[in-house]
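# This is a predicted model, with the sequence first.
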Amino acid sequence: MTYSYFPGCTLKTKAKDLDDFGKKSAEALGITLEEVQDWQCCGAVYPLAADEIATKLSSVRALAYAKEKSQPLVTICSACHHVIKRVNNDMQSKEDIRTRVNNYLGLDEAYNGETEVIHYLEMLRDKIGFDELKKKVVNPLKGRKIAAYYGCMLLRPNKEMQFDDPENPTIMEDFIRAIGAEPILYAFRNECCGGYMTMNDKALASKMADKVVNSAKIKGAGEIITACPLCLYNLKENSKGDLPVYYFTELLAEALGVK
Amino acid sequence: MSEDIIAISGINPRQCMKCGKCSATCPAFEEMDIHPHQFASMVVEGRIDELLASESIWKCLSCFACVERCPRSVEPAKLIEAVRVSVLRERGGSFLSPDEIPAKLDPELPSQAIAAAFRKYRK
Ligand code: SF4
Ligand code: SF4
């Protein structure tokens, strides 16, 4: 299978591991991720104001590219996924946005939200299957107690993201089981890490990161995994809890023997 | 002015039943001077100037907890966003200037944080 792939700004800079291990693991699973040509930054936060158009254009360009290739569009970063998926929903369901964006872009063929947007974890669950993944694991991470950190962007708002149960998700725990480790459930796995507040109010950001890390620690986790570079930064740099935090793709690559 | 906030947010604040769920779940609650549930009634009452001057619009994390958990689809984050962009769309209304960025950088900070902050704090 070949999918279009949107890496995003941070996977080309600070989060190279998230990208590298994601691509290597996909290869080991028989999937080719074809990077969208000339992709532009998604903007990192979804433009919530109902009247904004310009801030949605970069997502639509990537979506239209994947449509031309007749491929689903795979994302890895939680923020890119959130932005692109919601912009795609807008293109499907909001007539005024669809019209104005298409008028502006002047594509050969109007884009109406045709592309299927899937996060890498959804690709593992829905396209490959965790049972299949399990069969391909050569180096099961036995004995490791791993806390899945979902954060906000993958889950909410559920009526748009349709990723998993927003209050009691299981996809990352199922992933952890598939690579041979033990998932640790804890209270703050779907509460905010502090996000971009690290730029504006470090004290608030630290308070939130601490809550997440301590909540995982109390339950006996030895490490945390995330799909988001900003979550990883906040949980590592803004918390005094000192649990190691990894990208889920790094552990996947380890389990598949391609790290 | 209330009409502007309603148009930008796409939200009908009159649907709020003042259950307080949004404020109860908000991780920035303690840092806010006006709390998420108050945004709905204050927009209805036309108290927009107070909202425009509120610290809360710079403290909201867009974590969408209040969006997910509001039983009446009022989704206060969207009202907060509408007030915030109203400030930014005024000329000179920026909250963060590029000159302030270098002092905030550290070697591990992902570019995602800067992209997000510019989206939230600048026009
Ligand atoms: S989106 Fe903003 S207002 Fe709503 S719960 Fe999160 S921080 Fe609070
Ligand atoms: S959760 Fe919704 S209905 Fe309840 S107070 Fe907040 S905005 Fe109003």
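Great, that's in hand. As the structure is a prediction and not an experimental result, all values here were calculated from the model. Ligands and ions are numbered 1, 2, ... in the order given.
# could you measure B:Asp33 against ligand 2, distance?
17 Å (CB to the nearest ligand atom, to the nearest Å). C-beta: built from backbone N, CA, C; applies to glycine.
# any idea how far that residue is from B:Ile57?
Noted for B:Asp33: a distance of 10 Å to B:Ile57, by CB to CB, to the nearest Å.
# Between those two, point out the one with more neighbours.
B:Ile57 (24 against 11; other CB atoms under 10 Å in any protein chain shown).
# Within range of chain A, give me the residues from chain B.
B:7-10, B:27-28, B:31, B:58-59, B:61-65, B:67-68, B:75, B:77-78, B:81-82, B:85, B:96, B:104, B:106, B:108-117, B:119-121 (CB under 8 Å from any CB of the partner chain).
# So, low pLDDT: which residues of the stretch 101-250 of chain A?
Nowhere does the stretch 101-250 of chain A drop to pLDDT under 70.
# how about the spatially closest residue to A:Gly113 that is not a sequence neighbour, what does it touch?
Counting by CB to CB, 6 or more residues apart in numbering or on different chains, A:Gly113 lies nearest to A:Gln92, which is 3.2 Å off, once chain neighbours are set aside. A:Gln92 is in contact with A:98, A:112-113, counting by CB atoms under 8 Å, 6 or more residues apart in numbering or on different chains.
# before we move on, what about A:Lys24?
A:253, A:256, A:258-259.
# three-state assignment of it?
Look at A:Lys24: counting by DSSP: H, G, I helix; E, B strand; the rest coil, its state is helix.
# try A:Val74
Quick answer, by three-state DSSP: A:Val74 is strand.
# other SSEs contacting the helix or strand that B:Asp4 is a member of?
Per DSSP states H and E, B:Asp4 falls inside helix B:2-9. With contacts taken as 3 or more CB pairs under 8 Å, 6 or more residues apart in numbering or on different chains; DSSP states H and E, helix B:2-9 sits against helix B:36-44, helix B:48-52, helix B:76-89.
# Widest-spaced pair of the contacts of A:Lys24?
A:Leu256 and A:Lys259 (8.0 Å; CB to CB).
# how about the residue nearest the centre of chain A, phi and psi?
The central residue of chain A, meaning the one whose C-alpha is nearest the mean C-alpha position (CA atoms, centre = their mean), is A:Ser78 at 2.9 Å. Main-chain torsions, A:Ser78, degrees, to the nearest 10: phi -60, psi -40.
# wait, doesn't it sit right on A:Arg156?
No: A:Ser78 is not in contact with A:Arg156 according to CB atoms under 8 Å; the separation is 10.8 Å.
# What's the local residue count around residue 77?
Defaulting to chain A. With other CB under 10 Å as criterion, A:Cys77 counts 32.
# try again with chain B
Count around B:Ala77 with other CB under 10 Å applied: 27.
# And for the residue of the stretch 151-259 of chain A found nearest ligand 2, the neighbour number?
Nearest to ligand 2 in the stretch 151-259 of chain A, going by CB to the nearest ligand atom, is A:Pro157, at a distance of 13.0 Å. Counted with other CB under 10 Å, residues neighbouring A:Pro157 total 20.
# Equivalent analysis for A:Asn139, please.
14.
# looking at it, it is touching A:Leu252, isn't it?
No: counting by CB under 8 Å, A:Asn139 does not reach A:Leu252; the two are 10.8 Å apart.
# and stretch A:34-46, how far apart are its ends?
24 Å (CA to CA, to the nearest Å).
# cool, and stretch B:48-63?
23 Å.
# repeat for stretch A:169-188
12 Å.
# That one: how far from the chain's middle?
16 Å (CA atoms, centre = their mean, to the nearest Å).
# does it come close to chain B?
No: using CB under 8 Å from any CB, stretch A:169-188 stays clear of chain B, coming no nearer than 9.8 Å.
# Would you mind listing the buried residues in that stretch?
For stretch A:169-188, a neighbour-count test (16 or more other CB atoms under 10 Å in any protein chain shown) marks A:169, A:171-184, A:186, A:188 as buried.
# what's next to it, contact-wise?
Contacts for stretch A:169-188 (CB under 8 Å, 6+ apart): A:121-122, A:124-125, A:130-131, A:133-134, A:137, A:139-148, A:150, A:155, A:163-164, A:189-190, A:211-212, A:215-216, A:218-221, A:225, A:248, A:251-252, A:254-255.
# Give me the buried positions along the helix or strand that contains A:Ala62.
For A:Ala62, the host element (DSSP H and E) is helix A:57-69. Residues A:58-67 are the ones in helix A:57-69 that count as buried (16+ other CB under 10 Å).
# For it, which helices and strands make contact with it?
strand A:2-6, strand A:73-75, helix A:78-93, helix A:95-105.
# can you tell me if stretch A:82-100 touches ligand 1.
No: using CB under 6 Å from any ligand atom, we find that stretch A:82-100 stays clear of ligand 1, coming within 12.8 Å at best.
# could you dump that stretch to PDB, C-alpha only?
Output of stretch A:82-100 as PDB, limited to C-alpha atoms (Å, rounded to 0.1, in the frame of the first residue of the first chain):
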ATOM      1  CA  HIS A  82      -6.200  17.700  14.300                       C
ATOM      2  CA  VAL A  83      -5.900  20.700  11.900                       C
ATOM      3  CA  ILE A  84      -6.000  18.800   8.600                       C
ATOM      4  CA  LYS A  85      -8.800  16.500   9.700                       C
ATOM      5  CA  ARG A  86     -11.000  19.500  10.900                       C
ATOM      6  CA  VAL A  87     -10.300  21.500   7.800                       C
ATOM      7  CA  ASN A  88     -11.300  18.500   5.700                       C
ATOM      8  CA  ASN A  89     -14.500  18.300   7.600                       C
ATOM      9  CA  ASP A  90     -15.100  22.000   6.900                       C
ATOM     10  CA  MET A  91     -14.600  21.300   3.200                       C
ATOM     11  CA  GLN A  92     -17.100  18.500   3.300                       C
ATOM     12  CA  SER A  93     -19.800  20.200   5.400                       C
ATOM     13  CA  LYS A  94     -19.500  24.000   5.300                       C
ATOM     14  CA  GLU A  95     -20.700  25.400   2.000                       C
ATOM     15  CA  ASP A  96     -19.400  28.900   2.500                       C
ATOM     16  CA  ILE A  97     -15.900  27.800   3.400                       C
ATOM     17  CA  ARG A  98     -15.800  25.300   0.600                       C
ATOM     18  CA  THR A  99     -16.800  27.900  -2.000                       C
ATOM     19  CA  ARG A 100     -14.500  30.600  -0.700                       C
END
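# Kind regards, and thank you for your time.
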